[in-house]
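Coordinates only, no sequence provided:
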């Protein structure tokens, strides 16, 4: 029986930018994985911070030129890589990226769940309650959503942005943190 050929990757209009974003994300995640295993390492902490500053500065340039680098420009993985890098910027930067992310999501260029996660981070940083329950307190063996606005309608809001029920998310997230 002949094997089916793998589907061609989705077409992107800027392959070089896609490659750059994925490379930056991979470098970011590699140093973060090492730091998670050795959180007392000041050298890794400094390296992680320096890399974040460098990547966020480059992402700012990309945003000035292209707006949010969405799926049509850099593919889903490239757009997701940009989102990952953005999360390591300061709160002002994150707040500034939300409108760009929302516009990308409205045109189908970014998953609404990623936008929701960033919105929750910004809200919590501003001392407000999160809308989608994406941010959890995992300190001291805890695993619970941080302050959520209108918890009775949380799953409705999550569903509206393509996220599953909070109970499923909590189970998955808490299992990850308890490994």
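That came through, no problem. Since we're looking at a predicted model, the values are computed, not measured. Residues are numbered from 1 along each chain as shown.

Which phi and psi values does residue 145 adopt?
Residue 145 has phi and psi values of phi -60, psi 140 when expressed as degrees, to the nearest 10.

now residue 148
The phi/psi pair for residue 148 (degrees, to the nearest 10) is phi -120, psi 130.

was I right about it contacting residue 135?
No: using Cβ atoms under 8 Å, residue 148 makes no contact with residue 135, being 9.1 Å away. C-betas here are computed from N, CA, C, even on glycine.

The residue most central in space within the chain: which element?
Centroid-nearest residue in the chain: residue 84, 4.1 Å away (criterion: Cα atoms, centre = their mean). If you go by DSSP states H and E, residue 84 is part of helix 71-86.

Can you mark which positions in that helix are buried?
71-86 (16 or more other Cβ atoms under 10 Å).

for stretch 115-129, same thing?
For stretch 115-129, the neighbour count (16+ other Cβ under 10 Å) marks 115-124 as buried.

Return the set of buried residues in stretch 59-71.
Counting neighbours by 16+ other Cβ under 10 Å, stretch 59-71 gives 59, 62-63, 66, 68-71 as buried.

could those be laid out in a markdown table, adding secondary structure and distance to residue 99?
Shown next, in a markdown table, are those (DSSP: H, G, I helix; E, B strand; the rest coil; distance: Cβ to Cβ, whole Å):
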| residue | secondary structure | distance to residue 99 |
| --- | --- | --- |
| 59 | helix | 15 |
| 62 | helix | 16 |
| 63 | helix | 11 |
| 66 | helix | 15 |
| 68 | coil | 9 |
| 69 | coil | 15 |
| 70 | coil | 14 |
| 71 | helix | 18 |
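
Just the closest of these to residue 34, please.
residue 59 (21.8 Å; Cβ to Cβ).

OK, contacts around the closest residue to that closest one other than its chain neighbours?
Using Cβ to Cβ, 6 or more residues apart in numbering and skipping residues adjacent in sequence, the residue nearest residue 59 is residue 85, 5.2 Å away. Residues in contact with residue 85 (Cβ atoms under 8 Å, 6 or more residues apart in numbering) are 21, 24-25, 28, 55-56, 59.
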